[in-house]
Each structure stands twice: as C-alpha cells, then as structure tokens.
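Engineer: The amino acid sequence is not available; the structure is as follows:
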C-alpha cells in the first residue's frame, strides 16, 4: 500500500493497493462514508480495499475534506472526490492501471460520491462542481447503502427532527450548507438522481434492515434510473443492516464481492 497525495491539503490523499499479479489492473475507486463528516475516515474502508485487491483489483481508497474541516462541505468535499478520481490518470503513468476498467464503490455517503463520480460528466460548465471538461471515464458504479438522492435524505432527517422534537442534525444540509429550498441548484448538481441518466452501469446493494439510510432511497433511485434508460441492478439483502455490506466477514460482503467481479466482467 502506498499513501499518495492528489492535492496539497492533509486530507487530499489516497491509498493505492496493487494486486500481486502483473497488470494492467482494473481499478476500484473506494470511497468511505460517515455522512461526509470529519470523524469518519478512509480507514473505514481498509478491509474492503484489501479484500478487492486480494481478488485482483487495484484499489484507490480516497480521503477527502469533510464537514467540520477547513475546505470541507460544499463544494470541497465533492471537488476533492473529483480530483482524486482524475488523479488516476497521473498514477497510470507510473503504475500498471487499466483506465478502461475503472469502477467506483462507496458506502453510505461514499455511495453517494461513487454514483456522483459516475454522473459528473453531465454537469454544466457553469456548475461550481465542474472541475474539468474531460473527467476520468467511470465504467461502472457500485453504491453500498448509498445516499443516491440528497433531497430525499434531507427530508428524512428533517421529518425525524420534527417528529421527535430534537435539535437540527441534518448531514445533507451540512454538506450542501443550505436546505433544498434555499439552494436547489446545489441539490441538483450534487445529487446522482438529478443527473440521470448517467450512461454508466450501476449496482445498488442495500440491506433491508438499514436504519441509517432507508432502503427506500435506493428503491426509488432504481426505478428512476431504469426509466431514464440506465442499466441498474438492485440487490436487496433481507438480513443485512447498514454496516454489514462493508464487513468482509459477513455473507453480505460475499454478495458485494461477486457483484464487483460481475460488473468488471461486463465493462
């Protein structure tokens, strides 16, 4: 494993892992979750990255500036993910990486970023999130209990706050620094569902017992993506909760691993 910086900030780095066999290797951009917040880092996806690399896939486990850190939230969290993704073009000059077979795989908030990286080529040039006219082409995207619809996720937390009469605690509003009413353009440009069709094969894997990101978000996204003409596979795991899909000791992980292999065979 090599820790490599793609930017000047201490949080703008990734961990590159290469399989033992000769390349060029297919690549998985691995993206951690934690509702985009500071306390959660890429170590949450170390076992996922190691597991994929052991199966012949190079992994680029990326860190990014998060809510609560200087430069995090809007737009830095998203543009960091974009720059980390594009940095694979530079890495391919030194390492045996097959840039024709690059997929993203992210968990929770990282699932949002995994889908968004596959969608960012559809951003308008005047978007604050537009960083280049030629982003790295993503061959496929896997969302593990991902937040594929930011406005819907905002509504879930807003409803909970009202129903339980608790203090505001809305991670989506923190990421975008505004509500959907205040800044609809931010929700449009940052939300995968608003950028459909992506024109990229997608796999949504979600546990039915998830209480962190409701499975209905993936279910709704799946229907919308299919109607838009995208190829999207939706895998509901009836006995899995939010964190089982990244725990490499679980049956849920075996499903994830097989879906990664299948996706790479078809890109």
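Structural biologist: Received it, and whenever you're ready, just let me know what you need. Please read all numbers here as calculations on a predicted model, not as lab measurements.
Engineer: looking at the sheet around residue 31, what are its partners?
Structural biologist: Beta-bridge pairing for residue 31 (DSSP bridges): residue 62, residue 106.
Engineer: Relative to residue 181, how far out is the residue most central in space within the chain?
Structural biologist: Geometric centre of the chain, nearest residue: residue 114, 2.5 Å, by C-alpha atoms, centre = their mean. With distances taken as C-beta to C-beta, to the nearest Å, residue 114 is found 27 Å from residue 181. The C-beta positions use only the backbone N, C-alpha and C, and glycine is treated the same way.
Engineer: same question, residue 199
Structural biologist: Residue 199 sits 30 Å away from residue 181, going by C-beta to C-beta.
Engineer: Kindly report the same for residue 195.
Structural biologist: Separation of residue 195 from residue 181 (C-beta to C-beta): 20 Å.
Engineer: out of these two, which sits in the more crowded spot?
Structural biologist: Taking residue 195 and residue 181 together and counting by other C-beta atoms under 10 Å, residue 195 has the greater number of neighbours (19 against 8).
Engineer: so who does the closest residue to that one other than its chain neighbours touch?
Structural biologist: The spatially closest residue to residue 195, leaving aside those adjacent along the chain, is residue 119, at 3.9 Å (C-beta to C-beta, 6 or more residues apart in numbering). When contacts are counted by C-beta atoms under 8 Å, 6 or more residues apart in numbering, residue 119 is found next to 192, 195, 196, 198, 200.
Engineer: By neighbours, which of the residues you listed wins?
Structural biologist: Note: the member of the contacts of residue 119 with the most neighbours is residue 192, at 29 neighbours, neighbours being other C-beta under 10 Å.
Engineer: Need the nearest residue in space to it, chain neighbours excluded.
Structural biologist: The shortest distance from residue 192 to any non-neighbouring residue, by C-beta to C-beta, 6+ apart, is to residue 115 (3.8 Å).
Engineer: Can you get me a residue count around residue 132?
Structural biologist: Residue 132 has 11 neighbouring residues, counting by other C-beta under 10 Å.
Engineer: All good on my end, thank you.
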